[in-house]
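Participant: here is a sequence together with a model predicted from it:
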Amino acid sequence: MTLGPRLTTTVDRLEGTTCVHVTGEIDMTTSAGLSDTLLQAIGTSDRVELDLSGVSFMDSYGLRVLVSIHGVVPDGNGTFQVVGASPHVQGTFALTGLDFAYGWPSDRKRSALASENDDNDNYNYNYDEG
């Protein structure tokens with residue numbers, strides 16, 4: 001389904017799982033259509049997986065949709081999981097902490113919090129407590 005000139009979703013269903021594949025840009029003009037697609041998927045499936053590996057841009061409107069949808073799934077009555085993310089989306093998740101909060105895909109290593117000298121990490125994070 002094309003949700004405007006810059007966003008396309010494809011929905012696959014297999015054995016109780018619905019996978020929504022997203023390609024393009026998620027922003028103010030496309031986020032409502034994505035939200036509608038995800039709400040429909042949640043209403044018809046016990047397990048919804050979201051593949052954002054084809055997303056070239058996502059702003060705070062997209063993050064709002066994902067956090068809102070995550071909160072719609074009733075505890076014990078299904079799952080909503082981001083299963084794929086483009087480098088841009090991974091960076092956005094890492095910047096906002098959503099990769100840790102929800103376990104969404106990220107190339108940030110959890111060990112980066114314990115070691116500032118990890119040469120294999122693509123990002124350099126410094127966290128100050130206080």
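Facilitator: Cool, got the structure. Numbers count the residues shown, from 1 in each chain.
Participant: longest strand anywhere in the chain?
Facilitator: strand 47-58 (DSSP state E).
Participant: just how off-centre is the very next helix or strand once past it within its chain?
Facilitator: Using DSSP states H and E, the helix or strand that directly follows strand 47-58 along the chain is helix 60-72. Taking the mean of its C-alpha atoms, helix 60-72 sits 9 Å from the chain's own mean (Cα atoms, centre = their mean, to the nearest Å).
Participant: sheet-wise, list the partners of the helix or strand immediately after helix 60-72 in the chain with their directions.
Facilitator: Remark: after helix 60-72, the chain's next helix or strand is strand 79-85, criterion DSSP H and E. Here strand 79-85 is paired, per DSSP bridges, with strand 47-58 (parallel).
Participant: so for stretch 26-46, what's the average pLDDT?
Facilitator: For stretch 26-46, mean pLDDT rounds to 92.
Participant: keeping just the C-alphas, turn it into CSV.
Facilitator: Presented in CSV, the C-alpha positions along stretch 26-46 are these (Å, rounded to 0.1, in the frame of the first residue of the first chain):
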residue,chain,number,x,y,z
ILE,A,26,8.3,8.4,8.0
ASP,A,27,7.5,12.0,8.9
MET,A,28,4.6,14.3,9.7
THR,A,29,2.9,13.7,6.3
THR,A,30,3.2,9.8,6.3
SER,A,31,3.0,8.9,10.0
ALA,A,32,-0.8,8.8,10.3
GLY,A,33,-1.0,6.3,7.4
LEU,A,34,1.6,4.1,9.0
SER,A,35,-0.2,4.2,12.3
ASP,A,36,-3.5,3.1,10.6
THR,A,37,-1.7,0.2,8.9
LEU,A,38,-0.1,-0.9,12.2
LEU,A,39,-3.4,-0.7,14.1
GLN,A,40,-5.1,-2.8,11.5
ALA,A,41,-2.3,-5.4,11.7
ILE,A,42,-2.5,-5.5,15.5
GLY,A,43,-6.3,-5.9,15.3
THR,A,44,-6.0,-9.0,13.1
SER,A,45,-2.9,-10.8,14.3
ASP,A,46,-1.4,-12.1,17.6
